[in-house]
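I need the structure of the sequence given here:
(one chain, ligands or ions: 1)
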Amino acid sequence: MIDADVIVGLEVHCQLDTKSKLFCGCSTDYRDDGPNTHVCPICLGLPGTMPALNKRAIEYAMKVAKALNCTIVPESEFSRKNYFYPDLDKAYQITQYDKPLAQGGYVEIEGDDGKERKIQLTRIHVEEDPGRLVHMGNAERGRYSLVDYNRAGIPLIEIVSEPDMRSPKEARKFLNKLRATLEYLGVFDSEKEGSLRVDANISLRGNERVEVKNITSYKGVEKALTFEVTRQKNLIRRGLPVERETRHYLEARGITQSARSKETENDYRYFPEPDLRPLRVQSWVKDIALPELPDARRERFVTQYSCSLNHARTLTGELKMANFFEGVVSGDRAGLCSLAATWIADTLAGELNYRNMGIDCVDPHRFGSLLAILRAGTITDKSGVEVLRVMLDEQLKGETVETPEAIVARLNLAKTAGDDGALAAAVKEVISENPKAIEDYKAGKNGAINFLVGQVMKKTRGRADPGELNRLVVAALKDGGQ
Ligand SMILES: [Zn+2]
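Numbering: from 1, shown residues only. Reported below is the predicted structural model:
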């Protein structure tokens, strides 16, 4: 739905996938380890410690800036953002304030009207992640909270967009494109918990702006914004004002809730970080090389493999899916391109989504074998889906995954040949069992044919070729109809 009155801007925090933290040598690989096991005096901000900037993190941030068409500024600066919160033990966060690393830029998305749209960016800056609170019970009524500083000091970039999006769906597309770009760059792992957090600003034209803080899932952003559009429209319809406020998104309930007023008062005191010198990166810019990015790969898929634009978009929207597709059609399987595009983008993606599985669970070579027997006409499309489901279910249960050929043999799924008698017998059976349909057919109701074809399909468990079956049913009706 296009709604000219909806105005959305996003602030996206992404963890950069470096080996060590932004200002110390602590490992960033903390997720499977106990709390406070990846900390040192520097990332805990103990008195007398000095931060030392991680060059790799800055290079990663510069890659992102370049890929998103931003201007990388010759000299940027770090500041201390002072606030008191238990996950920030030193009571300030090192971030960039009035001199960010990069300005401007844009992300190109397919707008709700189907046309390419450029969502303008304001800035990209670098900062350290604070720690993490673990509430025992819930945030409102928990008896106590635990603080884990393993996350403190992980390098983040904050990408701030202009209020350029016109619907919750466009916001979702913006995020998807951003994620794909960051993954193609090899600087971000979207599968890591908490690697992306979004603050969304939303208003309806002419009304106050609401900020929804700390949304941690891609779907969550679209849902939270959709909720806000409805909530704000209802207020306006009832003649009530939309308050300028900060709200939280409650993922489990799919609603936003007003934050306690104290949290809405942002009274940060910024001042330049005295322990870090200004960051001068001009001489590095020329060494920042970019790989093939999603848009370029999408266009290549259209020209090289003759994919439809929609399929190319789906296939290149995730790095792993794009790699999987190229893995399937590599070598002597180039002839499978169009079949592969359809089966991966439509069928496989849906089946994986249903099982909450990633595409890296699937062996591209084995999937290619399935496509090969489909193309050879050994099985029908319907049986192909059945074989795929068996393969995925076996994978999910941790069983040995059979080859497609073995599954076809075990479940007797090979296409019934029109001349092997079995199909003809099934047709005969169905016709004798359904005198009413035959009367209908004689009365000129052609829908009766579809019904009979469906009945035979059921009997042969989808193994019959639909075209062939149709021909046989029509022929049988003509005989029986004499
Ligand atoms: Zn440390």
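
make it CA atoms for all contacts and neighbour counts henceforth
Will do.

got a list of what Pro100 touches?
With contact taken as CA atoms under 8 Å, 6 or more residues apart in numbering, Pro100 is in contact with Val73, Ser76, Glu77, Arg123, Ile124, His125, Val126.

Which two among those residues are spaced furthest apart?
The span of these, defined through CA to CA, is set by Glu77 and Arg123 at 13.6 Å.

Show me which of these two is the more surrounded one.
Taking other CA atoms under 10 Å, Glu77 and Arg123 do not tie; Arg123 has more neighbours (23 against 20).

Quick check: Tyr92 touching Arg80?
Yes - using CA atoms under 8 Å, Tyr92 and Arg80 qualify as a contacting pair, with a distance of 5.8 Å.

With adjacent residues omitted, what lies nearest to the closest residue to the ion within the stretch 151-300 of the chain?
Nearest to the ion, among the residues of the stretch 151-300 of the chain, is Gly153, at 7.0 Å (CA to the ion). When the adjacent residues along the chain are set aside, Gly153 lies closest to Glu128, with 4.7 Å between them (CA to CA, 6 or more residues apart in numbering).

Give the residues shared as contacts by Glu77 and Arg123.
Residues touching both Glu77 and Arg123 comprise Pro100, Leu101, with contact defined as CA under 8 Å, 6+ apart.

returning to that earlier point: so which of the contacts of Pro100 are in strands?
Using DSSP state E, Ser76, Arg123, Ile124, His125, Val126 are the members of these that sit in strands.

After whatever helix or strand Ile438 lives in, which helix or strand is next?
For Ile438, the enclosing helix or strand under DSSP states H and E is helix 435-442. Secondary structure here is assigned by DSSP H and E; on that basis, the next helix or strand after helix 435-442 toward the C-terminus is helix 447-459.

circling back: got the angle for the helix holding Ile438 vs helix 447-459?
In this structure, helix 435-442 runs at an angle of 140 degrees to helix 447-459, with axes from the mean of the first three to the mean of the last three CA atoms, to 10 degrees as the basis.

Helix 435-442: which residues count as buried?
When neighbours are counted by 16 or more other CA atoms under 10 Å, the buried residues of helix 435-442 are found to be Ala437, Ile438, Tyr441.

Then stretch 399-416?
Buried residues in stretch 399-416, defined by neighbour count with 16+ other CA under 10 Å: Val401, Glu402, Pro404, Glu405, Ile407, Val408, Leu413, Ala414, Lys415, Thr416.

Show the average pLDDT along that stretch.
If you average the pLDDT over stretch 399-416, you get 90.

Send me that stretch as PDB with only the CA atoms.
Extracted in PDB, the C-alpha atoms of stretch 399-416 (Å, rounded to 0.1, in the frame of the first residue of the first chain):
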ATOM      1  CA  GLU A 399      19.500 -38.600   9.100                       C
ATOM      2  CA  THR A 400      21.600 -39.500   6.100                       C
ATOM      3  CA  VAL A 401      20.200 -37.600   3.200                       C
ATOM      4  CA  GLU A 402      19.300 -40.000   0.300                       C
ATOM      5  CA  THR A 403      20.000 -39.100  -3.300                       C
ATOM      6  CA  PRO A 404      17.000 -38.000  -5.300                       C
ATOM      7  CA  GLU A 405      17.200 -41.100  -7.400                       C
ATOM      8  CA  ALA A 406      17.100 -43.300  -4.300                       C
ATOM      9  CA  ILE A 407      14.000 -41.500  -3.000                       C
ATOM     10  CA  VAL A 408      12.300 -41.800  -6.300                       C
ATOM     11  CA  ALA A 409      13.000 -45.600  -6.400                       C
ATOM     12  CA  ARG A 410      12.100 -46.100  -2.700                       C
ATOM     13  CA  LEU A 411       8.800 -44.200  -2.900                       C
ATOM     14  CA  ASN A 412       8.000 -45.500  -6.400                       C
ATOM     15  CA  LEU A 413       7.700 -41.900  -7.800                       C
ATOM     16  CA  ALA A 414       8.900 -42.400 -11.300                       C
ATOM     17  CA  LYS A 415       6.400 -41.000 -13.800                       C
ATOM     18  CA  THR A 416       3.800 -43.400 -14.900                       C
END
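
No further questions, thank you.
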